[in-house]
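Enquirer: Here is a sequence with its predicted model. Questions after.
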Amino acid sequence: MENDLRECILCEHRCGVDRLAGDLGVCRMSTPIVASRTLHPAPPESYTIFVAGCNFKCLGCQNWTISQFPDNRMAVEGYVDSGSLARESVRMIQSSAGILMGADRIFFSGGEPTIHLPFIEKIVDNARRLRPKLKVNFDTNGFMTEKSLHRVLGFTTSLTFDIKAFYDDTMRAISGTPVGPILRNAEIVARTASDKLWEYRIVAIPEVNEEDIEPLCSFLASISKKLPVAFLAFRPNYVLDEHHGATRELMQKCVELARGAGLRNVTYAGMTNIPGKKGILVEEVEGVYERAGATLAASYARSKGCTTHPRNCGECPSMSKCPLKKYIPIRSC
């Protein structure tokens with residue numbers, strides 16, 4: 001862990017900071033922090049460990065209390081020794097509650113677990129000394145270096161992989177990051193480790209990434225029509241707390257577009273038709289982004305204090321004092 005964090009390039013921001021010395025990059029994390037851990041029934045059933053911090057600032061993040069730590073000053077659990085966490089994970093999976101639930105793996109989520117990759121590798125190594133065939137799921141936004149991706153594929157049994165957009169301007173507006181590394185890594189997984197892919201997850205945000213759905217599905221289908229894709233209905237939260245939720249019609253349209261592109265294993269889930277407001281464009285970002293959806297998302301970001309457009313968190317002069325990381329939503333659905 002020490003070598004990785006002394007000059008951190010675990011993700012594609014490649015900040016190169018000495019996290020052990022207290023220097024902070026885009027994720028704003030030094031040493032690994034566990035936000036919470038629990039038996040979790042959502043497929044795949046597991047003992048889920050949520051780690052704090054993220055290398056994204058996604059406007060609609062459902063786990064913003066965890067992902068935007070420490071700047072939002074929300075309470076999290078703290079550092080937990082990798083050995084004791086491994087023992088606890090195995091014990092809980094083997095408990096009567098774990099067996100009844102059908103939990104068969106450790107599920108790492110967040111936030112983004114890539115930023116704590118060495119810590120996670122230690123947990124897995126210790127856990128498999130106790131239970132050699134223990135399964136492991138890694139839940140990721142995909143913004144890792146190729147080297148980190150191959151490390152993840154080396155110890156995982158399953159992978160849940162979020163893809164938020166296809167076009168670069170949409171991705172930047174939503175998350176503050178370029179889309180290239182994510183599509184590259186999605187393709188690497190599809191071509192070299194499709195047996196480990198639990199599913200690609202795409203949150204459908206009305207008016208924001210609707211234009212991205214069809215080309216994204218065509219991109220995945222061009223690799224393999226068998227790839228599993230799950231659409232998740234956007235629910236108002238975080239910076240998009242006043243935006244309206246995805247309708248049932250939008251979710252059905254996403255499935256139809258995916259099947260029209262040739263994908264065979266497509267589902268959708270989530271609460272639909274949550275009311276909200278129509279977004280208002282902000283003058284400062286008009287003409288900066290090519291797509292209307294990206295401009296709308298960027299308008300939300302600008303209205304809450306984001307000043308760098310197109311959004312680029314890795315090179316933003318306000319990285320260490322980002323107003324979005326301190327934003328507290330007026331509602332969470």
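Expert: It's in. Since this is a predicted model, take the numbers as computed values, not measurements.

Enquirer: can you pull the contacts of the closest residue to P178 other than its chain neighbours?
Expert: Once flanking residues are discounted, P178 sits nearest to D168: 5.7 Å by C-beta to C-beta, 6 or more residues apart in numbering. In short, each C-beta sits where N, CA and C put it, glycine included. Residues near D168 by C-beta atoms under 8 Å, 6 or more residues apart in numbering: P178, V179, G180.

Enquirer: Now, of the residues you listed, which are buried?
Expert: With burial judged by 16 or more other C-beta atoms under 10 Å, the buried subset of these is P178, V179.

Enquirer: Let me have the contacts of D168 in JSON lines, extended by distance to A297.
Expert: Formatted as JSON lines, the contacts of D168 follow (distance: C-beta to C-beta, whole Å):
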{"residue": "P178", "distance to A297": "15"}
{"residue": "V179", "distance to A297": "13"}
{"residue": "G180", "distance to A297": "18"}
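
Enquirer: Generate CSV for the contacts of D168, with pLDDT as supplementary columns.
Expert: Shown next, in CSV, are the contacts of D168 (pLDDT from 0 to 100):
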residue, pLDDT
P178, 98
V179, 98
G180, 98
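
Enquirer: Against F155, how distant is K122?
Expert: 11 Å (C-beta to C-beta, to the nearest Å).

Enquirer: One more: P236?
Expert: 36 Å.

Enquirer: Who has more neighbours out of these two?
Expert: P236 (20 against 15; other C-beta atoms under 10 Å).

Enquirer: For that one, what are phi and psi?
Expert: According to degrees, to the nearest 10, the main-chain angles of P236 amount to phi -50, psi 130.

Enquirer: Now do the contacts for it.
Expert: If a contact means C-beta under 8 Å, 6+ apart, then P236 has G60, E242, H243, H244, G245, I274, G276, R331, S332, C333 as its contacts.

Enquirer: Of these, select the buried ones using a PyMOL command.
Expert: For the buried members of the contacts of P236, the matching PyMOL selection, counting by 16+ other C-beta under 10 Å, is:
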select buried, resi 60+243+244+245+274+276
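
Enquirer: sorry, back to before: show the pLDDT at the residue nearest to P178.
Expert: On the pLDDT scale, D168 is placed at 98.

Enquirer: How about M1?
Expert: At M1, pLDDT is 59.

Enquirer: cool, E77 as well?
Expert: Looking at E77, its pLDDT stands at 84.

Enquirer: and it, how many neighbours does it have?
Expert: By other C-beta under 10 Å, 13 other residues sit near E77.

Enquirer: Hmm, it is touching P32, no?
Expert: No: counting by C-beta atoms under 8 Å, E77 does not reach P32; the two are 11.1 Å apart.

Enquirer: still on that earlier bit, what separates the residue nearest to P178 from A127, distance-wise?
Expert: 38 Å.

Enquirer: again, but for N3
Expert: Here N3 is placed at a distance of 22 Å from A127 (C-beta to C-beta).

Enquirer: These two: which is more packed in?
Expert: Higher neighbour count among N3 and A127: A127, with 24 against 8, using other C-beta under 10 Å.

Enquirer: Give me the buried positions along stretch 218-235.
Expert: 218-221, 227-235.

Enquirer: Alpha carbons only: can I get that stretch in CSV?
Expert: Extracted in CSV, the C-alpha atoms of stretch 218-235 (Å, rounded to 0.1, in the frame of the first residue of the first chain):
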residue,chain,number,x,y,z
SER,A,218,-24.5,0.3,-30.0
PHE,A,219,-20.9,0.6,-28.7
LEU,A,220,-21.5,-2.3,-26.3
ALA,A,221,-23.4,-4.4,-28.8
SER,A,222,-20.5,-4.0,-31.3
ILE,A,223,-18.3,-5.9,-28.8
SER,A,224,-20.9,-8.5,-27.8
LYS,A,225,-24.6,-8.7,-28.0
LYS,A,226,-24.6,-10.9,-24.9
LEU,A,227,-23.3,-8.2,-22.5
PRO,A,228,-25.6,-7.7,-19.5
VAL,A,229,-26.9,-4.1,-19.2
ALA,A,230,-29.1,-2.8,-16.4
PHE,A,231,-30.7,0.7,-16.7
LEU,A,232,-31.3,2.4,-13.4
ALA,A,233,-34.0,5.1,-13.0
PHE,A,234,-32.5,8.5,-11.9
ARG,A,235,-33.9,9.7,-8.6
